[in-house]
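**Q** output the structure for:
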Amino acid sequence: MFGLMRPLKSCGTKNCCTPEDYKQHRLHYCGTCKTIGQEYGHKARFALNYDAVFMSELLTVLNEDDTKEWGGALQAVNRCLTMPDKNEEMPISLQYAAASNVFLAELKLDDNIKDKAKKRYKMARWFLSKSFKQASQKLENWGLDTNFFWAEVSQQVVLEKSGNYQFEDLRACLSHYAQPTQNMTSALFAQAADVLGKPELKPILAKLGANFGQMMYVLDAFEDVEKDIFQSQFNPLVGWFNANETLQEAEFEQVRNEILSIQQETAQTLNELNLPETILESFQSRLLSNISLRLYREREIPLTFSQKIARRWQNARTAADNWLCRPDSWARKLQYQFVSIAFFILPQLSVELTYQERSQVLGWAAIFTALLASVGLYKSVVPLEKKKAGLWQRFKNMFKKRKSSDPCLVAICECCCQTCADQSCQICCEVCCDDDGCCNCSNWTKNDWRTFLWVTLILIALIGIAVVLVIFFL
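**A** Numbering: from 1, shown residues only. Sure, this is the predicted structure:
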């Protein structure tokens, strides 16, 4: 599922809506998350999405449940570690939404593996394999045929390989390729009626699921046009319009009209469920706002990794220019570099910070600049009497053999280093004497261990930064 029912900003933030609206949304968000953790393991909670939360909200209303009767752990919103007792029975709406969430996450991972074949998706599937099996078993116990879903996944692959574009219009083409996704979401929503013991709702919920499935598929194709062309992946819009790099604006507008048409059909189906007016209005507003935001989002042509790095750094420098103008002094230049690096790591800082937060960032940059300046002044005023070997040089010296045929070294290793009076033995003493001035030719000294620790920490930090950058950009 693709986040179509993400709540509006006014309903997702505590200070921007009424306490009752806020609590109702968080009750289902936290309740679904905790139900996933209780029944499928805490690791599966990472798969939580807003569409499963919407399903739990919808089923709660249809089942006429009173959320005030939920257990204390479920009432504790935004407290992730406050979990229900193991033997506590969870509300049926949360149970079904949690099982559906985990099962759909497995389908999504399988689709990603087939499309991209990246190791991180395979590792995620292996990591959550036990949770996936438990969710599938739970849905089968409720009467849902999970084999039907996997058959539809295979049918989706067959349709995409056929490459058939002989249709009357764009809507027919999109409906053809969206049919497997449409069938899966329809079956999932329809089964909820049997789970709630309300079979009279099954036709409407099946229709609602079909609307959601079609809209998800078409919207996903709309958003991924450039990426699919760049990665040579299947996309019905690319084949229908015979696009090379992206679509023309008139073509995009045609697809937008089709998506908005599906959105209106979905809103009408929600209306057929006879929901309370305030809840119906909230659901329809969420759907329309999310669709609108995603339809008119700025489009980008995919770039290679090196191109992404170059553009990201250029954007960071441009943002720093807007903040600091043109630096003239060396202190301002150093501050400029600090702010540029901050924007490179977190690009959203350049557009999401308030004036007060911006002042805080500049304040920290000033402190950082002052610290570096003080270090530089200290080194220029109080030069070191004796320059020690660099960290890397000391690290290499640690692995050099201490034993030698040099009589000086042999003599030093047999006595205390402080007895060395000959100037020729100073180098030897520096090599094999420890901090207390005693010989330590066979084992590492304290300085050796300190050097080894620093080098290890630096390497771990560099590897961590490299992993974060690869995950973030790829």
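**Q** which helix or which strand is home to the residue nearest to Pro236 when sequence neighbours are not counted?
**A** Excluding the flanking residues, the one nearest Pro236 by Cβ to Cβ, 6 or more residues apart in numbering is Tyr177, at 4.5 Å. In this view, the C-beta of every residue, glycine as well, is placed from N, C-alpha and C. Element membership for Tyr177 (DSSP states H and E) is helix 170-196.
**Q** same question for Gly239.
**A** Assigned by DSSP H and E, Gly239 falls in helix 236-241.
**Q** hmm, back to that, got a list of what the residue nearest to Pro236 touches?
**A** Tyr177 makes contact with 159-160, 217, 221, 236, according to Cβ atoms under 8 Å, 6 or more residues apart in numbering.
**Q** okay, now the domains of the protein?
**A** By the assignment in automatic domain parsing, the chain contains the domains 9-295, 305-381, 391-473.
**Q** now tabulate those domains in CSV and tack on distance to Gly3.
**A** Output for these, formatted as CSV (distance: least, Cβ to Cβ, whole Å):
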stretch, distance to Gly3
domain 9-295, 5
domain 305-381, 18
domain 391-473, 20
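**Q** out of these, which one sits most buried?
**A** domain 9-295 (a mean of 17; mean count of other Cβ atoms under 10 Å).
**Q** chain center to it: distance?
**A** 18 Å (Cα atoms, centre = their mean, to the nearest Å).
**Q** can you tell me the SS state at Pro7?
**A** Under the three-state scheme (DSSP: H, G, I helix; E, B strand; the rest coil), Pro7 adopts coil.
**Q** pretty sure it is touching His25, no?
**A** Yes. Pro7 is in contact with His25 according to Cβ atoms under 8 Å; the separation is 5.6 Å.
**Q** thinking again about what came up before, now, the most widely separated pair of the contacts of Tyr177?
**A** Leu159 and Ala221 (12.8 Å; Cβ to Cβ).
**Q** still on that earlier bit, mind checking the pLDDT average for the helix holding Tyr177?
**A** Per-residue pLDDT over helix 170-196 has a mean of 94.
**Q** got it, and stretch 78-98?
**A** 89.
**Q** who's in contact with it?
**A** So stretch 78-98 is contacted by 26, 28, 30-40, 52-53, 55-57, 59-60, 63, 65, 70-71, 73-74, 76, 135, 138, 142, 192, 195-196 (Cβ under 8 Å, 6+ apart).
**Q** cool, stretch 135-143 as well?
**A** Contacts to stretch 135-143, defined as Cβ under 8 Å, 6+ apart, come from residues 39-40, 44, 95-96, 98-100, 102-103, 106, 146, 191, 194-195.
**Q** can you rerun that using 7 Å?
**A** For stretch 135-143, contacts defined as Cβ atoms under 7 Å, 6 or more residues apart in numbering pick out 40, 99, 102-103, 146, 191, 194-195.
**Q** could these go into a markdown table alongside distance to Thr181?
**A** Shown next, in a markdown table, are the contacts of stretch 135-143 (distance: Cβ to Cβ, whole Å):
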| residue | distance to Thr181 |
| --- | --- |
| Tyr40 | 23 |
| Ala99 | 19 |
| Val102 | 18 |
| Phe103 | 14 |
| Thr146 | 16 |
| Gln191 | 16 |
| Asp194 | 22 |
| Val195 | 21 |
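**Q** tell me the two of these that are most distant?
**A** The most distant members of the contacts of stretch 135-143, if one measures by Cβ to Cβ, are Tyr40 and Asp194, lying 21.6 Å apart.
**Q** ok, back up a step: confidence-wise, which of the domains of the chain is weakest overall?
**A** domain 391-473 (a mean of 55).
**Q** if I pick the nearest residue to Ala206 once chain neighbours are set aside, what's in contact with it?
**A** Once flanking residues are discounted, Ala206 sits nearest to Ala190: 3.8 Å by Cβ to Cβ, 6+ apart. By Cβ under 7 Å, 6+ apart, the contact set of Ala190 is 202, 205-206, 209.
**Q** for Glu277, state which of the residues you listed is nearest.
**A** Nearest member of the contacts of Ala190 to Glu277, counting by Cβ to Cβ, is Leu205, at 19.8 Å.
**Q** for that closest one, grab phi and psi.
**A** Main-chain torsions, Leu205, degrees, to the nearest 10: phi -70, psi -30.
**Q** what's near enough to touch it?
**A** Neighbour list for Leu205: 189-190, 192-193 [criterion: Cβ under 7 Å, 6+ apart].
**Q** relative to Ser292, which of the residues you listed is nearest.
**A** Ranked by distance to Ser292 (Cβ to Cβ), those are led by Phe189 at 23.5 Å.
**Q** so where does the closest residue to that closest one other than its chain neighbours fall, helix or strand?
**A** Once flanking residues are discounted, Phe189 sits nearest to Gly209: 3.0 Å by Cβ to Cβ, 6+ apart. In this assignment (DSSP H and E), Gly209 forms part of helix 202-223.
**Q** that helix: what's the following helix or strand?
**A** Per DSSP H and E, the helix or strand that comes after helix 202-223 is helix 225-231.
**Q** on contacts alone, who are the packing partners of that next one?
**A** helix 236-241 (3 or more Cβ pairs under 7 Å, 6 or more residues apart in numbering; DSSP states H and E).
**Q** now for the helix it packs on, which elements pack on it?
**A** Using 3+ Cβ pairs under 7 Å, 6+ apart, helix 236-241 sits against helix 170-196, helix 202-223, helix 225-231.
**Q** those helices into TSV, with extra columns for distance to Leu324?
**A** TSV is the format used below for those (distance: least, Cβ to Cβ, whole Å):
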stretch	distance to Leu324
helix 170-196	49
helix 202-223	35
helix 225-231	34
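**Q** Leu275 is nearest to which of the ones you listed?
**A** Nearest of the helices and strands packed on helix 236-241 (Cβ to Cβ): helix 202-223, 11.0 Å.
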